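A.B. asks: Sequence plus the predicted model coming up.
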Amino acid sequence: MGFPGTWMTESESVVYRVVPKCACSTIGQVMYYSDHGEFFDGDIHDAKSRMHKWSLDASQPKIEKNVKAHKSYAFTCVRNPYTRILSSFFDKICGIQRNGKRYRGNLVPLLIQKYGIEVGDPETGFEFDQIESFRRFLLFTRDTIRWRRPMDPDIHWSAMSGHVSTFIVNGGRYDNIFFTEKFNEGFQSVLDNIETPHKVDLTQIPRFNESEGHGPKRAHPVEDYFDDLSMHLIWEIYHRDFKLFKYSFDDPSNKFPIGEVDLDEVHAKLGE
């Protein structure tokens, strides 16, 4: 199994377990900058050199050796499950991707046909009933996660605890798990614990939101998208995320965590 989704700076100053839709583009760019004093020209997910990634064969032995020996400081970043699933919907389902096409080719036509989802069209300003379509998308999400049909769950909406756990189960240990909602404060706590070839001033770092502007803007407050059935589905899919990462299930309007992550609890519960 190894360490899928794990990135490490070339200098081995720090190790990061990517959790999709949790500021991963910005985190990757900061890691790249901390080594090279410049940002990667393009989407950091496309970088094939000057940074170690588990998806690159040459990087795997280096990452495995480092993580198993806990040689470097290791961290990840999490996000409120309500805003994360909404972001996945607007970016991956409604949005046009970097290559100018819809996400995963035939996925959107499948959703339109099987679930009655509308996604809007850039030509008409993406006008559609966002709330109704999102709630239908949630049914699809639950079907992929619970029954793996009509397809396996996608990394952008599978539970954060699943991503976080592979690192632990295969022999890694986190030193820090911080919140997207308290990004500067959280990432600073990582930088305070590592030595980097280039100094990073987080107040001067742009946000690398690679999905921005490719799809419709969210037209309503977060809580408007979640009725009783939606919340029931959300709990079914993400109950471990709410509990482990200390977000409020009862109040979708509160995006901020309601406690601190207990690293011992995360390692105990996700290492089983």
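C.D. replies: Structure received. This is a predicted model, so every value here is computed, not measured. Residues are numbered from 1 along each chain as shown.

A.B. asks: Would you mark the buried spots in the lowest-mean-pLDDT helix or strand in the chain?
C.D. replies: When the helices and strands of the chain are scored by mean pLDDT, DSSP states H and E, helix 107-115 comes last with a mean of 93. The neighbour-count check on helix 107-115 (16 or more other CB atoms under 10 Å) flags 107-108, 111, 115 as buried. For the C-beta atoms, the positions are set from N, CA and C on the backbone; glycine is no exception.

A.B. asks: now do stretch 63-78
C.D. replies: Residues of stretch 63-78 classed as buried: 63-64, 66-67, 72-78 (neighbour count, 16+ other CB under 10 Å).

A.B. asks: need the helices for the chain, in chain order.
C.D. replies: Counting by DSSP state H, one finds helices in the chain at the ranges 24-36, 60-69, 81-88, 107-115, 130-147, 160-169, 183-191, 228-245, 263-270.

A.B. asks: Go ahead and confirm residue 223 touches residue 253.
C.D. replies: Yes. Counting by CB atoms under 8 Å, residue 253 is a contact partner of residue 223 at 4.2 Å.

A.B. asks: if we can go back for a sec, so can I have a markdown table of the helices of the chain showing distance to residue 122?
C.D. replies: A markdown table is the format used below for the helices of the chain (distance: least, CB to CB, whole Å):
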| stretch | distance to residue 122 |
| --- | --- |
| helix 24-36 | 22 |
| helix 60-69 | 39 |
| helix 81-88 | 18 |
| helix 107-115 | 13 |
| helix 130-147 | 15 |
| helix 160-169 | 30 |
| helix 183-191 | 29 |
| helix 228-245 | 26 |
| helix 263-270 | 40 |
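
A.B. asks: Looking at the protein, which strand is longest?
C.D. replies: Secondary structure of the chain per DSSP state E: the longest strand is strand 73-78.

A.B. asks: so what does that strand touch, helix or strand wise?
C.D. replies: strand 14-17, helix 160-169, strand 176-179, helix 183-191 (3 or more CB pairs under 8 Å, 6 or more residues apart in numbering; DSSP states H and E).

A.B. asks: nearest to residue 258, of these?
C.D. replies: The closest of the helices and strands packed on strand 73-78 to residue 258 is strand 176-179. By CB to CB, the value is 10.9 Å.

A.B. asks: tell me what that closest one is packed against?
C.D. replies: Packed next to strand 176-179, using 3+ CB pairs under 8 Å, 6+ apart, are strand 73-78, helix 183-191, helix 263-270.

A.B. asks: Next, the angle from the last one to helix 160-169.
C.D. replies: Between helix 263-270 and helix 160-169, the angle formed by their directions is 90 degrees, by axes from the mean of the first three to the mean of the last three CA atoms, to 10 degrees.

A.B. asks: try the longest one
C.D. replies: Computed by the same axes, to 10 degrees, the angle separating helix 183-191 from helix 160-169 equals 0 degrees.

A.B. asks: Might you calculate how far helix 183-191 sits from the centre of the chain?
C.D. replies: Put simply, helix 183-191 sits 17 Å off its chain's centre (CA atoms, centre = their mean, to the nearest Å).

A.B. asks: thinking residue 174 is in contact with residue 163, fair?
C.D. replies: No. The criterion here is CB under 8 Å, and residue 174 misses it with residue 163 at 12.0 Å.

A.B. asks: which residues do those two both contact?
C.D. replies: Common contacts of residue 174 and residue 163 (CB atoms under 8 Å, 6 or more residues apart in numbering): 17, 76.

A.B. asks: What score does the residue located most distally from the centre of the chain have for pLDDT?
C.D. replies: Distance from the centre of the chain peaks at residue 124, with 29.3 Å (CA atoms, centre = their mean). We have a pLDDT of 71 for residue 124.

A.B. asks: now residue 212
C.D. replies: Predicted confidence (pLDDT) for residue 212: 59.

A.B. asks: With that, I have no additional questions.
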